[in-house]
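Asks: Task: produce atomic coordinates for the following.
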Amino acid sequence: MESPMGLVPAPNGDLILYDVQLQRFSRFTAEGTFVESMPSSQRWTLLSDGGDSTALAMEPGSDAEIHLATGEVLWRGRPDGAEVRCRTSPGYGQEKVQGAHLVAAGVLYFACFGEYLLWYPDGLEGRVIVLSSPTYEERLPEESVVQRRLDNQARRAREGGWTAGLSIEDLRSQALPWYGWGGIDAAGRLWLPHLRETRHVYVDSFRLDHEPSFVETVVLRAPTRDLMVKGDRLLGIEPDTSGLGVNTIYWYNLPRGDGR
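Replies: Prediction:
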């Protein structure tokens, strides 16, 4: 291997690795035994997020879905950022459309600042739906989160010599942006974490049908940072702050969708 750029699981448990320099897919068993190599007609820059039998390959300005068994390109493209309408504005040096993930309904991109957009490359004329974070009333965070944001706004106003324009009622009606990607659970729900502003962590879930819908907000009681969905569980990692290099891992059983 010269420049391995991505490692994804195949449906049977094998591992597929893509080498960007050699333009080659290589298959290994879960134990690391080499099985076969498959050439690629395209030099991709990254391979990630395995689907049932495919993975997402990316290059500047375009993405593609690759069949893991053959290396065949099933589709190729990317939504036009000029057509994307977000509630928030991109940050300095930040692209409007970035960070793609394959999901059952299409391709999910991180968009603007703290939002996600769902793009359907096939059969729906490239339709784009922006997922906006639910509001305070929908997700019911702690009152201290809203008060803290109000205090920060007032402090910045004093330091900058301007008058704060948002009241606590305004802040309650706003939504907090997402900071990260949790993943898709066994029931097909998308989980997206918010930045931890107090001792709790809020994770929102969506159903990713052709008309995505907000399901609920789950509150994690442990101070986890990095989140990952595995089947019907959520893995949370609390980084070490003692200097000893020991991280704490939490496992959460995700709601089954039937009230339990």
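Asks: Tell me which stretches of this structure form helices.
Replies: 136-139, 143-160, 168-172 (DSSP state H).
Asks: Tell me how many other residues crowd residue 53.
Replies: One way to gauge burial is a neighbour count; for residue 53, by other Cβ atoms under 10 Å, it gives 12. Just so you know, the C-beta spots here come from the backbone N, C-alpha and C atoms, and that holds for glycine as well.
Asks: ok, residue 249 touching residue 234?
Replies: No: with contact defined as Cβ atoms under 8 Å, residue 249 and residue 234 do not form a contacting pair (11.2 Å).
Asks: and residue 225, what is it in contact with?
Replies: Each residue near residue 225 by Cβ atoms under 8 Å, 6 or more residues apart in numbering is listed here: 196, 236-239.
Asks: re earlier: residue 21 is nearest to which of the helices of the chain?
Replies: Distances from residue 21 to each of the helices of the chain were compared using Cβ to Cβ; the shortest belongs to helix 136-139, at 45.1 Å.
Asks: any residues touching that closest one, and which ones?
Replies: The contact list for helix 136-139, computed with Cβ under 8 Å, 6+ apart, reads 133, 146, 171-175, 202, 204, 214, 217.
Asks: Likewise for stretch 9-16?
Replies: 7-8, 25-30, 35, 47, 50, 52-53, 55, 68-69.
Asks: quick one on the thing from earlier: are any of the contacts of helix 136-139 buried, and if so which?
Replies: The neighbour-count criterion (16 or more other Cβ atoms under 10 Å) marks 133, 146, 171-172, 175, 202, 204, 214, 217 among the contacts of helix 136-139 as buried.
Asks: State the phi and psi torsions of residue 41.
Replies: The phi and psi values for residue 41, taken as degrees, to the nearest 10, are phi -80, psi -10.
Asks: relative to its centroid, which residue of this structure is most remote?
Replies: Of all residues in the chain, residue 161 sits farthest from the chain's C-alpha centroid, using Cα atoms, centre = their mean; the distance is 37.4 Å.
Asks: Show the pLDDT at it.
Replies: Per-residue confidence for residue 161 comes out at a pLDDT of 75.
Asks: Then residue 33?
Replies: As summarised for this prediction, residue 33 has a pLDDT of 94.
Asks: picking that back up, of the helices of the chain, which is nearest residue 113?
Replies: Nearest to residue 113, of all the helices of the chain, is helix 143-160, at 15.4 Å by Cβ to Cβ.
Asks: Please point out which parts of the closest one sit buried.
Replies: Buried residues in helix 143-160, counted by 16+ other Cβ under 10 Å: 145-146, 149-150, 153.
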